[in-house]
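A.B. asks: Build me a model from this:
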Amino acid sequence: MDYDTVMLEMQDAMEKAVAHTLHEFSTLHTGKASPSMVESLPIEVERYGSTMQLRELAAITTPDPRCIVVTPWDKSTLKSIERGIQAANLGFNPVVQGNLVRIPIPELSGDRRRDLAKVANRQAEDGRIAVRHARHDAIEAFRKMEKEKEISEDDLHRFEKEVQQETDKAIARINDALETKEKELLTV
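C.D. replies: Below is the predicted model:
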């Protein structure tokens, strides 16, 4: 393994950790409807005999800021979709209306907003842990290279600094996104 390979693998792992964290933030609702709030929900479809994500079963739209509309491609999955949304315990109460499911988004109470901010903090910490894990793997790879005399001790120290700089950038992106999400969650 060489320097470029180790750095690319580390940067890729860090980018994936940041992207995953940002996606997790998008699933936290702030009182404003968004398809990302429900699109990944697992729905047990008895007719198909399997579990599928909601986005694989239906079109998800937000006609207004207080409502999500789920229009299944197969109308026989309506009841399964309704049960799956209720089972997810997101605080939503889906209503079947003809060939679609309406999900009214309730107003968030102050306590619920604080709870969601705590969830966001946990998700951010999980992202930071993943970034630090990528840093650890890269530094270990460089130490192994130094031990096998592939790089010098000076190179090792220089590479460790570069790895730390990349780590700091990734963690700063997560922290900035967390700060934005907290403001969004706590603003009434």
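
A.B. asks: Can you tell me what sits against stretch 143-158?
C.D. replies: Met1, Tyr3, Val6, Phe142, Phe159 (C-beta atoms under 8 Å, 6 or more residues apart in numbering). C-beta: built from backbone N, CA, C; applies to glycine.

A.B. asks: Show me the domain layout of this structure.
C.D. replies: Domains of the chain are assigned by automatic domain parsing as 3-26+109-186, 35-104.

A.B. asks: could I get these as TSV with mean neighbour count?
C.D. replies: What follows is those, written out as TSV (neighbours: other C-beta atoms under 10 Å):
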stretch	mean neighbour count
domain 3-26+109-186	16
domain 35-104	16
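
A.B. asks: where does this protein dip in pLDDT?
C.D. replies: Scanning the chain with the threshold set as pLDDT under 70 gives 30-31, 188.

A.B. asks: Check the secondary structure at the residue nearest the centre of it for me.
C.D. replies: Most central residue of the chain, judged by C-alpha distance to the mean C-alpha position with C-alpha atoms, centre = their mean, is Glu24 at 2.2 Å. What DSSP: H, G, I helix; E, B strand; the rest coil gives for Glu24 is helix.

A.B. asks: Next up, phi/psi of the most far-flung residue of the chain relative to its centre, please.
C.D. replies: Within the chain, Lys149 marks the point farthest from the mean C-alpha position, 40.3 Å out by C-alpha atoms, centre = their mean. Summarising the backbone geometry of Lys149 under the convention degrees, to the nearest 10, its torsions are phi 60, psi 30.
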